[in-house]
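**Student:** Structural data only, the sequence is not supplied:
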């Protein structure tokens, strides 16, 4: 039997939501062992004063298996 844990992280990218997800999972995998998946709980964009998007942010729920 295995037990998993879920942790929440926020990741950002100047390129796209997809890139923010990719970077978030990659970074989580550097710290957490046995990352099994993630789901996107939310999206947000940051805009400059002219209405141009400067940053894409995602809230990720990352699932990883706890060691015995």
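**Tutor:** Here it is on my side, so go on. In this text, all values refer to a predicted model and were calculated from it rather than measured experimentally.

**Student:** Going by C-alpha atoms from here, please, whenever you check contacts or count neighbours.
**Tutor:** Will do.

**Student:** the strands in this protein, which residues?
**Tutor:** For the chain, applying DSSP state E gives strands covering 4-13, 35-47, 53-65.

**Student:** Reformat those as a markdown table; add mean neighbour count, distance to residue 19 and mean pLDDT.
**Tutor:** Converted to a markdown table, these look like this (neighbours: other Cα atoms under 10 Å; distance: least, Cα to Cα, whole Å; pLDDT from 0 to 100):
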| stretch | mean neighbour count | distance to residue 19 | mean pLDDT |
| --- | --- | --- | --- |
| strand 4-13 | 16 | 6 | 97 |
| strand 35-47 | 14 | 12 | 96 |
| strand 53-65 | 19 | 9 | 97 |
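
**Student:** For those strands, give me CSV that also has distance to residue 27.
**Tutor:** Below are the strands of the chain laid out as CSV (distance: least, Cα to Cα, whole Å):
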stretch, distance to residue 27
strand 4-13, 9
strand 35-47, 11
strand 53-65, 11
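
**Student:** Which one, of these, ends up nearest to residue 29?
**Tutor:** Closest approach to residue 29 among these is made by strand 35-47 (6.1 Å; Cα to Cα).

**Student:** separation between the nearest residue to residue 57 once chain neighbours are set aside and residue 20?
**Tutor:** Leaving aside its chain neighbours, residue 57 sits nearest to residue 12 (4.3 Å; criterion: Cα to Cα, 6 or more residues apart in numbering). According to Cα to Cα, to the nearest Å, residue 12 stands 5 Å off from residue 20.
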